[in-house]
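[1] Just the structure for this:
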Amino acid sequence: MDKKTLPFELRPTNIEGVYSFVPPPKALDHRTVSNATLIKHGILVRRPDPKKNPALFELWRRFIDEIWTEENFTLPVLAPQDGITHGLENIPRTNGPAFGGYSWSGCALVGSWSGVMGVWQIPKVSEPSPPTPQANGGGWNSSSWVGLDGGHGLLPGASSTDVLQAGVEQKVDASGNASYRGWYEWYVPNPSAAVVRKFKYVHQLNITTIPVKAGDEVSVVVQYVKHKGDEIGNPLPPPGPYSFGAISFVNMTTIKAHMLYLEPPTGASFAGESAEWVMELPNDGSGSLPKFTSVTFENAGACNAQNTPPNLSKGDLFYLENYSGQALTTASTGEASVTISYNTPPT
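    Model prediction:
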């Protein structure tokens, strides 16, 4: 990516192919400066009219004044987590009002999307009771995330086999200790060793510079964008073709934020055939979920250049089941929310 062609200032992170915005200086008056100046500093959502949309303007003002500021800026430090990856939810095994599978619980909304977002409180995780099988590496793992293109098999003729996603890992080790970390990944199928070396984010890449814990509220936007001037979170994005992936990861509780642009790994399609809000059992489905408090994705939505209104209550629901066909989770939706709850495993 030629940074000189971009209308905003970028800094490379410690991972090749990943760049971050530089926030505005503290003295910048965001209420009066030009949109071009705002874009230069990564403020890509246009300034709402405070008279016509006072509530939206207040959210925008809070982000600029309290979160995306020079004094809060830390250049992202990203750490590959070997052995962790997040794949597709393939053709469901069970037909009906909800689909049963071994990886996902939540909602996938079929359509033609270029962006997805959600705000949620990180669930508290603990050791299951009664005991359930542990993962190959020990303990019980889960991830809550939003993503694009993972619902492979839901759409007849679907071409996408990659997933751009970001969220939070919630893990309990074999001794019952819980840990939490933000991450993102651009999954592509069967990447070669050369692709893995060049695009480290084809496996889970942890965001070490924004600590998270149970109870924190996070806001995540995942979007396909052009290489010039597109806005992360724009409810009416420009049409494709798209050239990069973009992620906004904000811990609303600690007021820390990163915005990242990713070069597409080999195998990325930018198809946008589904948007997802998910609680996942990662990897190959070995082991089982930790016990978790219910998680609700609020302000959940998707966007595209056609301004198609998303309605999550019309999305496809997923629940996790064990190999005996017993449901381990339940999922429900509202028009702009997805709730996933834990079912105590049968004895």
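[2] what number of residues lie near the nearest residue to Asn343 once chain neighbours are set aside?
    Computed as Cβ to Cβ, 6 or more residues apart in numbering, the closest residue to Asn343 that is not its neighbour in sequence is Leu328, at 5.4 Å. Glycine gets a C-beta too; all of them are placed from N, C-alpha and C. For Leu328, the count of nearby residues is 21 (other Cβ atoms under 10 Å).
[3] phi, psi of Leu328?
    Main-chain dihedrals, Leu328, degrees, to the nearest 10: phi -100, psi -10.
[4] ok, it - contacts?
    Contact analysis of Leu328 by Cβ atoms under 8 Å, 6 or more residues apart in numbering lists 105, 288-289, 319-322, 342-343, 345.
[5] Which members of those residues occur in strands, if any?
    Secondary structure of the contacts of Leu328 is defined by DSSP state E; positions in strands are 105, 319-320, 342.
[6] Nearest to Ser269 among the contacts of Leu328?
    Minimum distance to Ser269 across those is 24.9 Å, recorded for Ser105 (Cβ to Cβ).
[7] what's the pLDDT at the closest one?
    On pLDDT, Ser105 comes in at 90.
[8] same question, Ser332
    pLDDT, Ser332: 94.
[9] So it versus Leu281, what's the distance?
    Computed with Cβ to Cβ, to the nearest Å, the distance linking Ser332 and Leu281 is 19 Å.
[10] more neighbours, the two?
    Summary of the neighbour comparison: Ser332 and Leu281, criterion other Cβ under 10 Å, with Leu281 having more neighbours (24 against 16).
[11] Pick out the residue nearest the middle of the chain.
    Note on the chain: the residue nearest the mean C-alpha position is Ala166, at 2.7 Å, using Cα atoms, centre = their mean.
[12] wait, what's in contact with that residue?
    Taking Cβ under 8 Å, 6+ apart, we find Ala166 in contact with 145-147, 182-185, 220, 222, 247, 249.
[13] Out of the residues you listed, name the two that are farthest from one another.
    Of all pairs drawn from the contacts of Ala166, the widest gap by Cβ to Cβ lies between Gly147 and Gly182 and measures 14.1 Å.
[14] ok so, going back, now, among the contacts of Ala166, which is nearest to Pro54?
    The nearest member of the contacts of Ala166 to Pro54, counting by Cβ to Cβ, is Val220 at 25.1 Å.
[15] Which helix or strand lies directly C-terminal to the helix or strand the closest one falls within?
    Following DSSP states H and E, the helix or strand that holds Val220 is strand 217-225. Scanning the chain past strand 217-225 towards its C-terminal end, the next helix or strand to appear is strand 244-251 (assignment: DSSP H and E).
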